[in-house]
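Undergrad: coordinates for the following, if possible.
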Amino acid sequence: MNRGITTMEMLKTAFVTLLLVTYSQTEEIPDEYQIPELCPKECNCPQSFPNAIYCENKGLKRIPVIPPNTWYLYLQNNLIDVLSADALRNATQLRWINLNRNKITSESMQADALRAMPNLIHIYIEDNLLTTIPSPLPAKLEQLRLSRNRISKIPPGVFAGMDHLTLLDLQGNKLLDDAVTEVSLKGLSNLIQINLAKNHLNSMPLGLPATTTQIFLDGNNIDKIPAEYFKGLPKVASLRLNRNKLADGGIPKNVFNLTSILDLQLSHNQLTEVPAISSALEHLHLDHNKIKSVNSSDICPPGALDEYVEENGPHLRYLRLDGNEIEPPIPRELMMCFRLLRAIVI
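TA: Below you'll find the predicted structure:
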């Protein structure tokens, strides 16, 4: 049996080799199927993933010369402290670069090192030593992940022309309120997700693009929300404000009563009451506050108990109330209001 399998494998290998030889003699192999030329000796270039180069966990202090036809470059977990434009000069086809957990500073990032790669759409430079947003950025960039650096400023104009960027991750940096403004974010005309969690914000960030759908602000020092804050954010569907300093007085009565919001997270704050919500809300996190009771007349959207129609009734499916001062049982009216509720933690 083993001999038969070995023979079959040999035949398959010979057949594939013959196909490649025949194809190469008759027609040029497309770039996207070519194995990267001159694979750096420090890296791995698997034939099963011919456009990827793996150089992670190699103790590298410099980026090796990257050959053309490389699409995916993995350089995480090294000691790289310089982002050299020369090393990436030939990597004009690069789509994805991962430089997480290195020692790159803003000063050691050479000018045009990133823009030299016009096809780059994903950049990972997390857990480094950056103090500002890299500039200039590739025009086609879609995702920029810079979490857990030391970024304290966003230079005006750094996102000019970045209308392809949909995800901006800046969590775990040192951004203050005056760093996140309409001026600093100008150019992000198609942004969908922004992550500003674990910074030093005392107020809701200003100037977020109207296209923003997901806003992550966990772990800041925000204590109030302006009444008209979401007027310019008609598409916000997910809002995370866990671990801030929000109390009842800092939340205007209907500020969260928006049909666009589907996921609202307010865990680990100082609330004593459940804020007003819309019928469209599906996930509500209120755990670890100071709430003593849940009054169904307050939390249930107006008219929901009068004549229940599933299509128009409340859509709440998940509710967390644990870590408060609420005693069981769950009020019957609450279950009558939220008939789609599948899980409640109390």
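Undergrad: what is the neighbour count of Met335?
TA: If you count neighbours by other CB atoms under 10 Å, Met335 ends up with 12. Quick note: C-beta positions are derived from backbone N, CA and C, even for glycine.
Undergrad: ugh, wrong one, Ile291
TA: Around Ile291 there are 18 residues (other CB under 10 Å).
Undergrad: which SSE is it in?
TA: Counting by DSSP states H and E, no helix or strand carries Ile291.
Undergrad: for the stretch 101-250 of the chain, which residues score under the pLDDT cut-off?
TA: Applying pLDDT under 70 to the stretch 101-250 of the chain flags no residue at all.
Undergrad: please name the nearest non-neighbouring residue to Thr166.
TA: Closest residue in space to Thr166, ignoring its immediate chain neighbours: Ile192 at 4.5 Å, by CB to CB, 6 or more residues apart in numbering.
Undergrad: next: Asp223.
TA: Asp223's closest residue in space is Lys245 (CB to CB, 6+ apart), at 4.2 Å.
Undergrad: tell me the contacts of that neighbour?
TA: Lys245 makes contact with 221-223, 269-270 under the criterion CB atoms under 8 Å, 6 or more residues apart in numbering.
Undergrad: among the residues you listed, who's most crowded?
TA: Asn269 (23 neighbours).
Undergrad: is it correct that it is in contact with Asn289?
TA: Yes: between Asn269 and Asn289 there is a contact at 5.4 Å, judged by CB atoms under 8 Å.
Undergrad: that older thread, isn't the residue nearest to Thr166 up against Thr213?
TA: Yes: the pair Ile192 and Thr213 passes the contact test of CB under 8 Å, sitting 4.9 Å apart.
Undergrad: now for these two: what residues contact both?
TA: With CB under 8 Å, 6+ apart, Ile192 and Thr213 have no common neighbours.
Undergrad: what's the first helix or strand after the strand or helix carrying Ile215?
TA: Using DSSP H and E, Ile215 falls within strand 214-216. Going down the chain from strand 214-216, the next helix or strand is strand 238-240, by DSSP H and E.
Undergrad: show residues contacting that following strand.
TA: Residues outside strand 238-240 that contact it (CB under 8 Å, 6+ apart): 197, 213-218, 256, 261-265.
Undergrad: returning to what we had before: same list (the contacts of Lys245) but as JSON lines, adding distance to Ser184.
TA: Shown next, in JSON lines, are the contacts of Lys245 (distance: CB to CB, whole Å):
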{"residue": "Asn221", "distance to Ser184": "20"}
{"residue": "Ile222", "distance to Ser184": "18"}
{"residue": "Asp223", "distance to Ser184": "22"}
{"residue": "Asn269", "distance to Ser184": "27"}
{"residue": "Gln270", "distance to Ser184": "30"}
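Undergrad: kindly indicate which of those lies nearest Gln143.
TA: Of all the contacts of Lys245, Gln143 sits closest to Ile222, with 25.2 Å by CB to CB.
Undergrad: next up, the contacts around the residue nearest to Thr166.
TA: Counted by CB under 8 Å, 6+ apart, Ile192 has contacts 166-167, 211-214.
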